[in-house]
Structures are given as C-alpha cells and as structure tokens.
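Visitor: my questions concern the predicted model and sequence given below.
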Amino acid sequence: MSTASTPRPTDAELAILRVLWKYGACSVREIHNVLSRDREFAYTTTLKFLQIMTDKGLTLREEQGRQHLYRARHAQVHTQRRLVRDLLDRVFGGSMSSLVMQALATRRASPEELRKIRRLIALRLSLE
C-alpha cells in the first residue's frame, strides 16, 4: 500500500501508533496495558483496532512464536509530516504562515521550542 493511499489515522489509532513508536513492536496485551493507564476499555477493543489498522496499512503484524507483534508501518516523523501536510492543505489553503501563526497563537511555545523554530527558519533561509 502506498503512502499516498494510506488513510489518516483516527484519534484512537494515533494513540496506538504513539505506543508503537515509543516501544517498538508490541503484543496486543502490551499495547492494551499502556492504553489502559489513561482510559478504560476492553482488550478486545484494542485487538479490533489493531486488526483494522493492519487492514488499512497503518500497522504491520508479524508472528513471533504463538503471539502476534504489531508495529507501525511508517515512522512517527513520516506520519506527522503527512498529517501536517494534509492539515496545511485542507485547513490553511496551503498557507504555511497561517498555519505557523495559528499554532503560535494557540499555545505558548517554550523558550527551547522558539530556539528550535528560529534555528529551523535560519537553516531554511540559508538553503535558499
């Protein structure tokens, strides 16, 4: 399945992907245990989400002995860039400055985040 045809993950699917990005390949039980720390839902719900995510091309399933391990099909940065690109196009009409201005107006950036933003802008300007 190509990256372009991979569907956008839902909020619940993103929660599962965050677990996989943080811990690497995990069993359903391991994923469920992490997710259950913050919210309560059935083990079978976690399993069903993983089956759907595998069908959609968001996760890969591999057998290891008698258990199945799941891992994210794409790296976190890859998925984040895809989602930001989609948001940029759908919500901001492709306007990078509108996206950045709204992001900075919505939530206070830490001094370290602002330093990183300045460095990235300086790097981009030096490449032009």
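Guide: Perfect, I can see it now.
Visitor: and Leu60, which of the three is it?
Guide: Counting by DSSP: H, G, I helix; E, B strand; the rest coil, the backbone at Leu60 sits in strand.
Visitor: is it in a bridge, and if so with what?
Guide: Beta bridges link Leu60 to Arg71 when assigned by DSSP bridges.
Visitor: for this protein, which segments count as helices?
Guide: Using DSSP state H, the helices assigned to the chain run over residues 11-23, 28-35, 43-56, 76-92, 96-106, 111-127.
Visitor: just these: most buried one?
Guide: helix 28-35 (a mean of 18; mean count of other C-beta atoms under 10 Å). Every residue, glycine included, has its C-beta placed from N, CA and C.
Visitor: which other helices and strands contact it?
Guide: Packed against helix 28-35, as judged by 3 or more C-beta pairs under 8 Å, 6 or more residues apart in numbering; DSSP states H and E, are the following elements: helix 11-23, helix 43-56, strand 67-72.
Visitor: any idea of the mean pLDDT in stretch 77-96?
Guide: For stretch 77-96, mean pLDDT is 94.
Visitor: now do that stretch: everything it contacts.
Guide: With contacts defined as C-beta atoms under 8 Å, 6 or more residues apart in numbering, stretch 77-96 is touched by Thr3, Thr6, Arg8, Pro9, Leu17, Ala72, His74, Ser98, Leu99, Gln102.
Visitor: send the alpha carbons of that stretch over as PDB?
Guide: Below are the C-alpha coordinates for stretch 77-96, written out as PDB (Å, rounded to 0.1, in the frame of the first residue of the first chain):
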ATOM      1  CA  VAL A  77       8.100  11.800  11.700                       C
ATOM      2  CA  HIS A  78       6.800  10.400   8.400                       C
ATOM      3  CA  THR A  79       3.200  10.200   9.700                       C
ATOM      4  CA  GLN A  80       3.400  13.600  11.400                       C
ATOM      5  CA  ARG A  81       4.600  15.300   8.200                       C
ATOM      6  CA  ARG A  82       1.800  13.600   6.200                       C
ATOM      7  CA  LEU A  83      -0.800  14.900   8.700                       C
ATOM      8  CA  VAL A  84       0.700  18.400   8.800                       C
ATOM      9  CA  ARG A  85       0.800  18.500   5.000                       C
ATOM     10  CA  ASP A  86      -2.900  17.400   5.000                       C
ATOM     11  CA  LEU A  87      -3.800  20.000   7.600                       C
ATOM     12  CA  LEU A  88      -1.900  22.700   5.800                       C
ATOM     13  CA  ASP A  89      -3.800  22.000   2.500                       C
ATOM     14  CA  ARG A  90      -7.300  21.300   3.900                       C
ATOM     15  CA  VAL A  91      -7.500  24.000   6.700                       C
ATOM     16  CA  PHE A  92      -5.000  26.700   5.700                       C
ATOM     17  CA  GLY A  93      -5.200  26.500   1.900                       C
ATOM     18  CA  GLY A  94      -1.500  25.700   1.700                       C
ATOM     19  CA  SER A  95      -0.500  28.900   3.600                       C
ATOM     20  CA  MET A  96       2.500  28.000   5.800                       C
END
